[in-house]
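> A predicted structure for the sequence below; I have some questions about it.
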Amino acid sequence: MSDAIHYYEPSNGHGLPHDPFNAIVGPRPIGWISSQDAQGRLNLAPYSFFNAFNYIPPIVGFASVGRKDSLNNIEQTGEFAWNLATRPLAEAMNQSSAAAPAEINEFELAGLTPAASRIIQVPRVEESPVSFECKVTQIIQLQRADQELVPTWLVLGEVVAVHIAKWLLKDGVYDTAAAEPILRGGGPADYFQLGPEALFKMFRPR
Ligand SMILES: Cc1cc2nc3c(=O)[nH]c(=O)nc-3n(C[C@H](O)[C@H](O)[C@H](O)COP(=O)(O)O)c2cc1C
């Protein structure tokens, strides 16, 4: 084995001061998920095990590592909203990750305003320039290679409505960088902020 490579098998530990996994698979977009329980109690929390998985219909998903309030709520109602976490909203996003009891509304905790959705009952974050209204399609409990179940659930939802602040549409084209999205890196505190300097273009081979 090469001395130039740090090799490890995760089941035996990584042998480093910090687990590099999150820093390698990163930076990751953030699923800033609003949900509510059957009684209408609101919840908001960030999930960086988040991504888009399909175009038509658009499907997004996030993983709840452990059974969290968002998962419990979404199981009850079948709905959630995704909100874009931007640089101006970074501190509020972070506050909404506080381990608060189910009856605590993280919108209030983080000083954010719930805005009514059009199709689902769950409100969006008014301060966020982009939101998706989502209806759950699947909730999949993850498992190891030997099929032993792990206490992590992948929540997938179809995007049934999209809200975009018009200032992010330049001649009708969505300007990713202008929104200043924030992305999660590794370690306890690393984030990345996206701006125009991060952009390069490359077309697919014909
Ligand atoms: C940027 C960021 C990303 C996070 N990503 C995840 C994640 O992917 N999965 C997860 O289970 N928790 C994640 N967390 C922790 C949850 O946000 C935290 O446990 C929160 O309290 C869950 O809220 P809930 O119980 O109201 O759903 C993340 C926290 C932060 C700040």
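Thanks, I have the structure now. Numbering: from 1, shown residues only.
> The closest residue to F53 other than its chain neighbours: what's it in contact with?
Once flanking residues are discounted, F53 sits nearest to I59: 4.8 Å by CB to CB, 6 or more residues apart in numbering. For glycine as for every other residue, the C-beta is placed from the backbone atoms N, C-alpha and C. Neighbour list for I59: A52, F53, T137, L156, G157, E158, V159 [criterion: CB atoms under 8 Å, 6 or more residues apart in numbering].
> out of those, who has the most neighbours?
G157 (28 neighbours; other CB atoms under 10 Å).
> Tell me which helix or strand in this protein has the weakest average pLDDT.
Least confident helix or strand, the chain: helix 106-109 with a mean of 93, by mean pLDDT, DSSP states H and E.
> Past that one, which element shows up next along the chain?
Following helix 106-109 in sequence order, the next helix or strand is strand 114-115 (DSSP states H and E).
> Show me what the lengthiest strand in the chain is packed up against.
Among the segments of the chain that qualify as a strand by DSSP state E, the longest is strand 149-164. Applying 3 or more CB pairs under 8 Å, 6 or more residues apart in numbering; DSSP states H and E, we find strand 149-164 packed against strand 59-65, helix 69-77, strand 79-83, strand 130-143.
> Which one of the ones you listed lies nearest to N94?
Comparing the helices and strands packed on strand 149-164 by their distance to N94 (CB to CB), the top pick is strand 79-83, with 13.9 Å.
> and the closest one, anywhere near the ligand?
No: residues of strand 79-83 contacting the ligand under CB under 6 Å from any ligand atom: none, with a closest distance of 10.2 Å.
> tell me the average confidence for that strand?
Strand 79-83 comes out with an average pLDDT of 98.
> Any idea how far it is from the middle of the chain?
From the chain centre to the centre of strand 79-83 is a distance of 10 Å (CA atoms, centre = their mean, to the nearest Å).
> do the same with stretch 55-63
The answer for stretch 55-63 is 11 Å, by CA atoms, centre = their mean.
> now swap in stretch 95-105 and tell me
Relative to its parent chain, stretch 95-105 has a centroid offset of 16 Å by CA atoms, centre = their mean.
> Same question for stretch 112-126.
17 Å.
> And stretch 134-150, by the same measure?
With CA atoms, centre = their mean, you get 17 Å for stretch 134-150.
> check whether it contacts the ligand.
No: on the criterion CB under 6 Å from any ligand atom, stretch 134-150 is out of touch with the ligand, staying 11.6 Å away.
> Could you work out the end-to-end span of that stretch for me?
25 Å (CA to CA, to the nearest Å).
> tell me the contacts of the residue most central in space within the chain?
The centroid of the chain falls nearest to G31 when counting by CA atoms, centre = their mean (1.3 Å). G31 sits next to P46, Y47, S48, F49, F50, V60, G61, F62, W82 when contact means CB under 8 Å, 6+ apart.
> The same query, at a cut-off of 7 Å, please.
Counting by CB atoms under 7 Å, 6 or more residues apart in numbering, G31 touches P46, Y47, F50, V60, F62, W82.
> residues near the second one, how many?
By that I understand Y47. With neighbours defined by other CB under 10 Å, the count for Y47 comes to 23.
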